[in-house]
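>>> model the structure of this input:
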Amino acid sequence: NVHKDYRGLRPLRVEYLEVRQGESVALMGFDQVGAEVLVNLITGATLPDSGDVDVFGAATSAVTDPDAWLAAADQFGILSDRIVLLESFSVEQNLALPFSLELDDLPLTVRASVRRLADEVGLTSAQLSQAVVTLDAESQLRVRLGKALALAPRVLLAEHPNLTLAPEYLPRFAADLASIGTSRGLAMVVMTADLAFASAVSGRVLTLVPATGALAATSRWRRW
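Below you'll find the model as predicted:
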């Protein structure tokens, strides 16, 4: 029964959503702003006007200490265009940021962690030295995915991750995202407007009914 007025055409309403460890759910019917609002509600960055958001066994409204909120926030990875990439810096430096601010002379342990992360998200060793600005849209998305995964979150929240990808890259990225979620045992919430992408990344696809906040089960099909 979550209700949040974000000055859109109508408030965001979510009647009920439960996601457990290792489960992936794709949500349709959330535009980009609505997706951002939902992510902020889940992470506790904002509180609902009414209703309850419970994460890791506690209501987000009960977290009043800033340090406790920051500790909880580290358990979320956010895959979004809102996550800034330092375009003039290399891929390696961007992936190193969650681990260290010593970007000019990376410690060996950080460099090793970055290379494992790059391999996991599908970035080549040759790309590590490239400036992010020179990468194509798919590779930049994979850098964002790497940053989202760097601190070993328990939950991955993705806001329309396929939006910038050309159609020919969608199946491969969807398969990689689903595989990473499974191998890490992540709870994943993926918001998208593409039913084929939703079906490829998640075993459960739900569509928001804006007037009521109900999340209706959606029949899954693939056009790829």
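
>>> contacts, neighbours, all on C-alpha from now
Noted.

>>> show me where the protein has its helices.
32-43, 66-73, 91-96, 108-121, 137-149, 170-184, 195-201 (DSSP state H).

>>> residue ranges in the chain under the pLDDT threshold?
When residues are selected by pLDDT under 70, those of the chain lie in 220-224.

>>> now do the buried residues in stretch 152-165.
For stretch 152-165, burial by neighbour count (16 or more other CA atoms under 10 Å) applies to 153, 154, 155, 156, 157, 158, 159, 160, 161, 162, 163.

>>> now the two most distant members of those.
Greatest spatial distance among the buried residues of stretch 152-165 (CA to CA): 154 and 163, at 24.0 Å.

>>> my guess is residue 193 contacts residue 199, does it?
No: here residue 193 does not reach residue 199: they are 11.1 Å apart, not a contact under CA atoms under 8 Å.

>>> neighbours of the residue nearest to residue 132 when sequence neighbours are not counted, just the number please.
In space, and not counting its chain neighbours, residue 132 is closest to residue 87: 4.7 Å by CA to CA, 6 or more residues apart in numbering. Using other CA atoms under 10 Å, residue 87 has 15 other residues around it.

>>> for residue 87, what are phi and psi?
The phi/psi pair for residue 87 (degrees, to the nearest 10) reads phi -70, psi -30.

>>> got the contact list for it?
131, 132, 133 (CA atoms under 8 Å, 6 or more residues apart in numbering).
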